[in-house]
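> Have a look at this fold, sequence not included:
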């Protein structure tokens, strides 16, 4: 399937998309259990993948479901138990990740770049120069890449170790906390990947290209079902919009975790969830700077004040012995939380 063909399928009527998802799900199932002599499972987290699990069972595909449920919102965990999802353990706790690796801020791709900037005299100086300026140097043919360059707003906050590379910017001193993009790898990706290898199983994932970001191009390029050298997976909802997903959740009477509230319809017919639009790990900060209040940490405070108090104020210990949490990070990046 070409990218243009994929985009055409995104414009199909809702009923046609649901039928398309059923066809692709069964194609994957038959391929894996037949030609690949393996098994399938569903990787479950929030509402999207919960809906996928219910959808697959509804069309007759009853395979195991797994999740690192302890990382999820409590309401998600309750639904996981209700649906019989197998809980697997993360390789690092949330607290260990924040203390040893750093805070997940902005986005996964940007957090990776920021983590390099926070290392004084780090290796890969050519890469750091590209992050700061966009100039690729001799190795990159002296080209300029805005794709690799970090936006100036983040350089001003996190580029203090290399401020000499950007004398045109008023760059703040480096913060007294670490930043990392590796939380998902140690807490979700690797535990799930290892479970899959142990059980000779390939995943169904509740991903949609309409969510944007890196997954959008990957899904458009590789389609719903992908059989690669290192990755084999099925994303039956790849061509869905958010509206398609919410409509399917209503049609199948999918249990909605309380963090999302209820699925309601506006006067213009648009569906929405009355609380969170998305959920994830309760200590994840990716994208928090783009949320309006009440944001995810506000909802955490409402649902679980003790957990909020811990993550905001007491989850980390600095090199100087001071105790701090997400509050320090949110203050630094300009996100209100009090």
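Happy to help now that I have it. Here the structure is a predicted model, which is why all the values come from computation and not from measurement.
> can you give me the helices for the stretch 101-250 of the chain?
For the stretch 101-250 of the chain, applying DSSP state H, counting those that start in this stretch gives helices covering 108-117, 125-133, 152-158, 183-184, 190-198, 213-222, 242-251.
> so the residue nearest to residue 233 when sequence neighbours are not counted bridges to which residues?
Spatial nearest neighbour of residue 233, excluding adjacent residues (C-beta to C-beta, 6 or more residues apart in numbering): residue 203 at 5.2 Å. No exception for glycine: its C-beta is placed from N, CA and C like everyone else's. Beta-bridge pairing for residue 203 (DSSP bridges): residue 41.
> so for the strand or helix carrying residue 308, what's the average pLDDT?
Secondary structure from DSSP states H and E places residue 308 in helix 305-309. Per-residue pLDDT values across helix 305-309 average out to 94.
> Any buried residues in it, and which?
307, 308 (16 or more other C-beta atoms under 10 Å).
> Equivalent analysis for stretch 202-221, please.
For stretch 202-221, using 16+ other C-beta under 10 Å, the buried residues are 202-211, 215, 218-220.
> How is this protein divided into domains?
The chain breaks down into these domains under automatic domain parsing: 3-92+184-273, 119-174.
> Can you tell me which of those domains is most buried?
domain 3-92+184-273 (a mean of 18; mean count of other C-beta atoms under 10 Å).
> Show me how far that one is from its chain's centre.
Domain 3-92+184-273 sits 13 Å away from the centroid of its parent chain (C-alpha atoms, centre = their mean, to the nearest Å).
> Could you name the helices and strands sitting against the helix of greatest length in the chain?
In terms of residue count, the longest helix belonging to the chain (DSSP state H) is helix 14-33. Applying 3 or more C-beta pairs under 8 Å, 6 or more residues apart in numbering; DSSP states H and E, one finds that helix 14-33 contacts strand 39-43, helix 47-58, strand 201-204, strand 225-227, strand 232-234, helix 242-251.
> Make JSON lines out of those and add distance to residue 85.
JSON lines is the format used below for these (distance: least, C-beta to C-beta, whole Å):
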{"stretch": "strand 39-43", "distance to residue 85": "8"}
{"stretch": "helix 47-58", "distance to residue 85": "8"}
{"stretch": "strand 201-204", "distance to residue 85": "13"}
{"stretch": "strand 225-227", "distance to residue 85": "23"}
{"stretch": "strand 232-234", "distance to residue 85": "18"}
{"stretch": "helix 242-251", "distance to residue 85": "17"}
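> follow-up on the earlier one: go through the helices of the stretch 101-250 of the chain and name the closest to residue 311.
Closest approach to residue 311 among the helices of the stretch 101-250 of the chain (C-beta to C-beta): helix 183-184, 13.1 Å.
> Quick one: mean pLDDT over stretch 327-338.
The average pLDDT for stretch 327-338 rounds to 97.
> what comes into contact with it?
103, 105-106, 157, 175-177, 285, 288-289, 293, 295, 297-298, 312-313, 326 (C-beta atoms under 8 Å, 6 or more residues apart in numbering).
> What of stretch 270-278?
If you take C-beta under 8 Å, 6+ apart as the criterion, stretch 270-278 is touched by 46-47, 242-243, 246-247, 250, 256, 258-266, 296, 299.
> and what of stretch 182-193?
43, 66, 68, 71, 88-92, 94, 97, 101, 104, 108, 203, 281, 284.
> Now with 10 Å, please.
Stretch 182-193 is contacted by residues 41, 43, 45, 66-68, 70-72, 88-94, 96-98, 100-104, 108, 111-112, 115, 180, 203, 231, 280-281, 283-286 when judged by C-beta atoms under 10 Å, 6 or more residues apart in numbering.
> Any idea which helix or strand in the chain has the lowest mean pLDDT?
Sorting the helices and strands of the chain by mean pLDDT, DSSP states H and E puts helix 213-222 at the bottom, at a mean of 84.
> Turn the domains of the chain into CSV, columns for distance to residue 330.
Putting the domains of the chain into CSV (distance: least, C-beta to C-beta, whole Å) gives the following:
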stretch, distance to residue 330
domain 3-92+184-273, 19
domain 119-174, 12
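> closest one to residue 322 among the ones you listed?
domain 119-174 (16.1 Å).
> can you give me the end-to-end distance of the closest one?
10 Å (C-alpha to C-alpha, to the nearest Å).
> cool, and stretch 253-269?
19 Å.
> for this structure, what are the low-confidence residue spans?
138-142 (pLDDT under 70).
> give me that answer again for 80
Applying pLDDT under 80 to the chain flags the ranges 1, 122, 137-143, 212-214, 277-283.
> Tell me the spacing between residue 175 and residue 121.
Distance of residue 175 to residue 121, given as C-beta to C-beta, to the nearest Å: 18 Å.
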